[in-house]
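> A structural model of the following input is requested.
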Amino acid sequence: MLCELNEVTDHLFISSARSVSDDSLRQKGITLVINCSMTAPNYSTTNIKYIPIMLEDNEKSDIGRYFDEVVDLIHEENLTGGKTLVYCVAGISRSATFCIAYLMKHNNLNLRNAFRHLRSRRRIVRPNNGFFRQLIEYEKRLYNETSVHMVRVPNADTPDCMVPDVFYEVCKGIVWLKSCKNSLRR
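Below is the predicted model:
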């Protein structure tokens, strides 16, 4: 799962940086690559459209400022018959956030269903809590309501330990409690 290009739709793929190679791009027919990691590509960018988005995977990064630009590029590439790959270091947080935003805006899915759809295609996706807050705001902007809410983690040491309620569907809050506590210590 971690080392492959996962199909989100017939024209949108998500992966980790390690999965991207000239062969994998050719096999999937990728015409546009959006690199959300902080690293340079180790494949040829000569015969494809290449867009680097230098963005750190932390809760304070303003990923939302790129939502419309990135999702519209994916949509335009599809309209011309192309296929897009969005990747970051592990294909878990940054790239997942953009894919979810795309599904919300151009596939008319609410945030909850976009997250569920993406997880059905790549089980390891988990945008960080800051990115999820920005997706919630994006959903409010798109639909004037939200389907996901930030909720307090039961039995957390601090009252501000909040996670998206969809994470409880994934693990019932057990795993996220530890990561939430660790992020608060930073």
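
> does Phe131 touch Ile92 like I think?
No. The pair Phe131 / Ile92 is not scored as a contact, 10.6 Å apart, by Cβ atoms under 8 Å. Glycine gets a C-beta too; all of them are placed from N, C-alpha and C.

> who has more neighbours, the two?
Phe131 (26 against 19; other Cβ atoms under 10 Å).

> which non-adjacent residue is nearest that one?
Thr97 (4.4 Å; Cβ to Cβ, 6 or more residues apart in numbering).

> quick one, what contacts that neighbour?
Contacts for Thr97 (Cβ atoms under 8 Å, 6 or more residues apart in numbering) come out as Ile63, Pro127, Phe131, Phe132, Gln134, Leu135.

> and if you look at Cys88?
Counting by Cβ under 8 Å, 6+ apart, Cys88 touches Ser16, Ala17, Asn35, Cys36, Ser37, Asp57, Arg94, Ser95.

> what count of nearby residues applies to the second one?
Neighbour count of Ala17, defined by other Cβ under 10 Å: 20.

> the residue nearest to the spatial centre of the chain: which element?
Nearest to the geometric centre of the chain sits Ala96, at 1.5 Å (Cα atoms, centre = their mean). Assessed by DSSP states H and E, Ala96 sits inside helix 94-106.

> quick one: distance of that helix to the chain centre.
6 Å (Cα atoms, centre = their mean, to the nearest Å).

> how far away is Gly91 from Phe132?
Using Cβ to Cβ, to the nearest Å, Gly91 is found at 17 Å from Phe132.

> looking at those two, which is more packed in?
Neighbour count, other Cβ under 10 Å: between Gly91 and Phe132, Gly91 has more, with 30 against 25.

> which non-adjacent residue is nearest that one?
Setting aside the residues directly before and after it, Gly91 is nearest to Ser16 in space (Cβ to Cβ, 6+ apart), at 4.0 Å.

> next, count neighbours for that neighbour.
What Ser16 shows, counting by other Cβ under 10 Å, is a neighbour count of 22.

> just Asp22 next, same as before
13.

> do the same with His149
For His149, the neighbour count with other Cβ under 10 Å is 12.

> what's the answer for Ser147, then?
Neighbours around Ser147, by other Cβ under 10 Å: 17.

> check Leu12 too.
Applying other Cβ under 10 Å, I find that Leu12 has 26 neighbouring residues.

> who touches it in this structure?
Leu12 touches Ile74, Asn78, Lys83, Thr84, Val86, Cys99, Tyr102, counting by Cβ under 8 Å, 6+ apart.
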